Structures are given as structure tokens and as C-alpha cells.
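Chemist: The sequence and its predicted three-dimensional model are supplied below.
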Amino acid sequence: MPVAYGFVVSDEIEIRPLLASEYAAAGEATVSAFREYWTPQAPGWEPYLARIADVESRAKQAMVLVAVDRGVIAGSVTLELDSRISPGSSEPLAPDEAHIRMLGVSPEHRGRGIARRLMLTCIDTARAHGKGVMTLDTDSNMTAAMQLYTELGFQPTGPQQRPGGPLLLGYRLELDSAPPTTR
């Protein structure tokens, strides 16, 4: 098994760009990953779950990577390399920045290093595209994700309130100073 940042990750998982025939499966896997954080009282979650399921729209604007576990889409991640996928975003993507969106691994596939592999592929891809920094935002309830980001060298940048949505925590990784990935 390969080692990445000192952790063993499964060889059985294939990380690759999404195929058009996989839009629905990738949307279902990613929504299932986020659904555990949804509560009826949470503002903005219903529309956000619909956006998460709409992988086809994201794939037209950004790179979407999938994790395939024995022929099944286990999770996905969206990597913004050139622009934000949300045209109304208050903050444009800087020329040297890559941004991670909607990383999710369905619950039945967790615990096997899939999220780590998706993140490492994003880091490698951003470096290959000449990016110097990678950013992301996460919900404060997503403690396993925050632990992963910290293990990969991401530094917290502070909270950000999204209009009509949840308070998100920002993270940043300087790609030039981050250790090389080994997969």
C-alpha cells in the first residue's frame, strides 16, 4: 500500500477525473457524505444539498475528481483552478490559488483513506497547474475533515459567514512549503 504524509492509503481506490456518465452517482455519494450534517433548522442546507447533487454544473466550471472503490463512486471533490464555481461569490479566485469545494466520501466507504487520496490528488493537480496556494472552507461540525486538513499542513484562516448559509471555517496551504505527496 502507498504511504502519503506518513499514512497508509488503500491501493484499491482509483482517483480520477469524473466521467459524464457518473454525474448522478457522484452527486449521490457526495450528498450522502453531507447529509449527516443537515438538520431541518439549519439555514441554507436544503438548497446546498441540491447544489452538491448537481455535479454536472460543477464539472462544466471546475475539475471534479472521483474516488472509485471496486467500480462504485465512493466520493468526490471539486477543484477550482481558474475561477469560482459560484458566480456570485464575494471573493474571486486569485491567479496563484486553487480552491477545494464539496469534498465528500459516502459513509459506507469511510475509514480507508479515500478523502486523503482525493486531497492529495488535488494538491498534486494544483501544483501541476502552477498554483502556489490551496484554500478551502468547511463547517465546524466536520471535525474529521478539519483533522485531515491539519494533518496535510493546512492552516486555519478564520471563520466566514456565508449570506443565508452556515458559518464556515477557512483553511490555507502554501503549496511551495508543503511536503511532496507520496502516493
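Modeler: Received the coordinates, thanks.

Chemist: Wait, a helix at Leu173?
Modeler: No. Counting by DSSP: H, G, I helix; E, B strand; the rest coil, Leu173 is not part of a helix but strand.

Chemist: Could you measure from it over to Leu93?
Modeler: Taking C-beta to C-beta, to the nearest Å as the measure, Leu173 falls 15 Å from Leu93. The C-beta positions use only the backbone N, C-alpha and C, and glycine is treated the same way.

Chemist: and if you look at Leu136?
Modeler: According to C-beta to C-beta, Leu136 stands 12 Å off from Leu93.

Chemist: More neighbours: those two, which one.
Modeler: Using other C-beta atoms under 10 Å, the more surrounded residue of Leu136 and Leu93 is Leu136, with 25 against 18.

Chemist: which SS state does that one fall under?
Modeler: Using three-state DSSP, the structure places Leu136 in strand.

Chemist: ok, it touching Leu169?
Modeler: No. With contact defined as C-beta atoms under 8 Å, Leu136 does not count as touching Leu169 (9.3 Å).

Chemist: For Leu81, the count of nearby residues, please.
Modeler: 17.

Chemist: right, I mislabeled it, should have said Arg110
Modeler: For Arg110, using other C-beta under 10 Å, the count is 14.

Chemist: Centre of the chain to stretch 144-152, how far?
Modeler: 12 Å (C-alpha atoms, centre = their mean, to the nearest Å).

Chemist: Quick one: mean pLDDT for it?
Modeler: Mean pLDDT, stretch 144-152: 92.

Chemist: And stretch 77-92, by the same measure?
Modeler: pLDDT averaged over stretch 77-92 gives 80.

Chemist: How about stretch 32-49?
Modeler: For stretch 32-49, mean pLDDT is 74.

Chemist: and if you look at stretch 123-132?
Modeler: Here the average pLDDT along stretch 123-132 is 95.
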